[in-house]
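> sequence? don't have it. structure:
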């Protein structure tokens, strides 16, 4: 009987830790990597010769829209992602998620990408949504943020607005959401004033929950926007920003801004994204 299910031999391996690549073999048993090293004399059910090729862990797409664009359902194998080396997709990006799905805004937004008459949404909670995905046997791993726009659309503004938002945030996190995504550029989140937004970040910070932020402006006004939001998101436990584009001329932004430290903070946050497997459900 073969010792391994799969052995990948002779490849140049990037192990994902930041070490220099090295030419080693990889032994896989029952979907788990069991050994890295010289496996030339070992046996396996399948042997892959990776001579002249690079081998690395699968990539994580941190800002994926396969959920709200419905391709998780129309193309569950996600071959377009797999062929690019992406083995994990994180949905619920930019403030919009497929759960908790209780408001009309969610249907309207998803209707921008898919014919809603062809869609069967049979869930409301985050847990029910993830259960549906699990039964579909996706071609990659999938996790989801709970989108704040989606949550806000579930309620009418009243005296208990923030309390209701926190309730749905908490229930979604218990059901398996990996964090909460914000989008300061959409009208729904403008229903919240500064103190309410800081209150939400404080709430997530106490729960040690990841916050993901889509900036209000991605273009020439990106720095003034980042400056205005800085006193809000600094209350968060752990946050990173999505859709950051290109370079900005600091001198024309009218701000004294430490470009080097800001760049380091933003991209390192992306690199060291904490996957708390004991807390969230991962499909």
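Thanks, I have it. None of these values were measured; they are calculated from a predicted model. Numbers count the residues shown, from 1 in each chain.
> OK, contacts around residue 101?
121, 123-124, 129, 150 (Cβ atoms under 8 Å, 6 or more residues apart in numbering). The way it works is simple: take the backbone N, C-alpha and C, and place the C-beta from them, glycine included.
> should've said residue 171
Residue 171 touches 100, 125-126, counting by Cβ under 8 Å, 6+ apart.
> helix or strand: which one has it?
helix 161-175 (DSSP states H and E).
> so how far is that helix off the chain centroid?
19 Å (Cα atoms, centre = their mean, to the nearest Å).
> buried ones in it, by neighbour count?
Neighbour-count burial for helix 161-175 flags 162, 164-166, 168-173, 175 (criterion: 16 or more other Cβ atoms under 10 Å).
> shouldn't residue 88 be within a strand?
Yes - assessed with DSSP: H, G, I helix; E, B strand; the rest coil, residue 88 lies in a strand.
> just checking, it touches residue 138?
No - using Cβ atoms under 8 Å, residue 88 makes no contact with residue 138, being 10.6 Å away.
> tell me, how many residues neighbour residue 202?
When neighbours are defined as other Cβ atoms under 10 Å, residue 202 has 13 of them.
> that one in helix, strand or coil?
With three-state DSSP as the basis, the three-state label of residue 202 is helix.
> can you give me the distance of the residue nearest in space to the middle of the chain to residue 108?
Nearest to the mean C-alpha position of the chain, by Cα atoms, centre = their mean, lies residue 90 at 3.2 Å. Noted for residue 90: a distance of 23 Å to residue 108, by Cβ to Cβ, to the nearest Å.
> do residue 214 as well
With Cβ to Cβ as the criterion, residue 214 and residue 108 are 18 Å apart.
> and stretch 10-25, how far apart are its ends?
By Cα to Cα, to the nearest Å, the extent of stretch 10-25 from end to end equals 6 Å.
> whoops, stretch 27-38 was the one
Distance between the boundary residues of stretch 27-38 (Cα to Cα) amounts to 9 Å.
> next one: stretch 127-144
11 Å.
> mean confidence for that stretch?
What stretch 127-144 shows for mean pLDDT is 92.
> in that stretch, what's buried?
127, 129-133, 138-140, 142-144.
> closest to residue 13 among these?
Closest approach to residue 13 among the buried residues of stretch 127-144 (Cβ to Cβ): residue 140, at 21.0 Å.
> point out where the protein drops to low pLDDT.
Residue ranges of the chain with pLDDT under 70: 1, 103-106, 157-159, 186-190, 215-283.
> ranges for the strands of it?
Here the chain has its strands, by DSSP state E, at 4-13, 22-29, 32-37, 44-49, 54-55, 59-61, 86-91, 141-144, 146-147, 179-183, 210-214, 238-242.
> make a markdown table out of those strands and add distance to residue 114.
Listed next are the strands of the chain as a markdown table, based on distance: least, Cβ to Cβ, whole Å:
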| stretch | distance to residue 114 |
| --- | --- |
| strand 4-13 | 37 |
| strand 22-29 | 37 |
| strand 32-37 | 36 |
| strand 44-49 | 37 |
| strand 54-55 | 36 |
| strand 59-61 | 19 |
| strand 86-91 | 14 |
| strand 141-144 | 17 |
| strand 146-147 | 16 |
| strand 179-183 | 19 |
| strand 210-214 | 21 |
| strand 238-242 | 22 |
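> any idea which of these is most buried?
Greatest average neighbour count among the strands of the chain goes to strand 146-147 (a mean of 30), per mean count of other Cβ atoms under 10 Å.
> what residues does that one touch?
Residues from elsewhere that reach strand 146-147, judged by Cβ under 8 Å, 6+ apart: 92-97, 99-100, 126, 168-169, 172-173, 177, 179-181, 183.
> can you pull the contacts of the nearest residue to residue 92 once chain neighbours are set aside?
Leaving aside its sequence neighbours, residue 92 sits nearest to residue 145 (Cβ to Cβ, 6 or more residues apart in numbering; 3.4 Å). Residue 145 makes contact with 90-93, 97, 177-181, 210, 212 under the criterion Cβ under 8 Å, 6+ apart.
> likewise residue 38?
Contacts for residue 38 (Cβ under 8 Å, 6+ apart) come out as 24-25.
> what about residue 93, how many residues nearby?
Residues near residue 93, counting by other Cβ under 10 Å, number 25.
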